[in-house]
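Asks: Okay, predicted coordinates and the sequence, questions at the end:
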Amino acid sequence: MEKILLVEDDKGIVANLTEFLTAEGFAVQSASGQAGALALLEQNSFDLVLLDVSLADGNGFAVCSAVKSGYGLPVIFLTASGDEYSTVTGFELVADDYIAKPFRPRELVSRIRNILRLTKGAGSVVHLGDITVDTAKGTASKNGRELYLSALEYRLLLVFLNNRGTILSRQQLLSAIWDFAGEFVNDNTLTVYIKRLREKIEKDPQNPTIIKTVRGLGYRVDL
């Protein structure tokens with residue numbers, strides 16, 4: 001049974017999420033603030049942390065930094081809808097995903113399972129051809145050399161890694177980035193960021209072998 005640490009100071013959200021996640025087969029422990037979260041991390045082992053930005057004491061960014069540097073666990077931020085600053089800061093701290101409140105519980109469960117599937121198996125390191133992604137550190141490298149991806153580029157790469165072998169439509173990709181950047185995302189933005197990501201990870205960006213275009217349908221990563 002996979003164990004989740006829920007760090008949230010809204011008692012109603014804690015009660016509802018704990019009940020729902022338990023019914024979905026997860027073991028859940030919760031803390032309302034930074035000190036409680038860090039104490040639980042010291043005393044227990046977890047598979048994933050669900051983390052609100054605003055806490056009863058301290059803040060979610062400090063907890064995320066501690067989780068990543070000390071425990072290497074995947075982190076999903078829960079934050080207010082439209083709070084672009086919190087979202088960007090969260091991804092700079094290499095959070096693995098972000099979901100805005102209010103959210104649908106089943107969507108959250110889907111996100112949790114995607115992240116756990118990505119970070120299980122070969123630890124936190126995932127290989128994609130000659131690209132290596134360390135999801136605990138939030139870094140990507142090509143043939144041993146670090147790639148300096150923007151937050152949106154890294155987010156796109158994680159979406160492709162989570163959906164290998166699946167054709168992703170442009171709308172699906174837009175929806176994934178929409179959670180990250182809100183109203184600033186449009187179809188042209190997606191084109192630009194796929195182009196930039198290909199320039200960094202492909203041997204020949206004009207003839208991509210990693211992020212393949214499926215004409216009329218979208219994109220697919222097979223490796």
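Replies: Looks like it arrived, so ask away.

Asks: Tell me which stretches of this protein form helices.
Replies: 11-23, 34-43, 60-70, 84-92, 105-119, 151-162, 170-181, 187-201 (DSSP state H).

Asks: any idea which of those helices scores lowest on pLDDT?
Replies: Mean pLDDT values for the helices of the chain show the minimum at helix 84-92, a mean of 50.

Asks: re earlier: what's the most buried one of the helices of the chain?
Replies: Most buried of the helices of the chain by mean neighbour count (mean count of other C-beta atoms under 10 Å) is helix 151-162; its value is a mean of 21. The way it works is simple: take the backbone N, C-alpha and C, and place the C-beta from them, glycine included.

Asks: For that one, what is the distance to the chain centroid?
Replies: 8 Å (C-alpha atoms, centre = their mean, to the nearest Å).

Asks: domains of the protein?
Replies: With domains defined by automatic domain parsing, the chain comprises 3-119, 125-221.

Asks: Leaving out sequence neighbours, find the closest residue to residue 165.
Replies: residue 222 (5.9 Å; C-beta to C-beta, 6 or more residues apart in numbering).

Asks: Now do that neighbour against residue 168, distance only.
Replies: Distance from residue 222 to residue 168, counting by C-beta to C-beta, to the nearest Å: 12 Å.

Asks: Looking at those two, which is more packed in?
Replies: Taking neighbours as other C-beta atoms under 10 Å, residue 222 and residue 168 compare with residue 168 leading, 21 against 12.

Asks: I figured that one was touching residue 161, is that so?
Replies: No. Applying C-beta atoms under 8 Å, one finds residue 168 not in contact with residue 161, separated by 11.5 Å.

Asks: Let me see the contact set for residue 45.
Replies: residue 3 (C-beta atoms under 8 Å, 6 or more residues apart in numbering).

Asks: got a list of what residue 22 touches?
Replies: residue 28.
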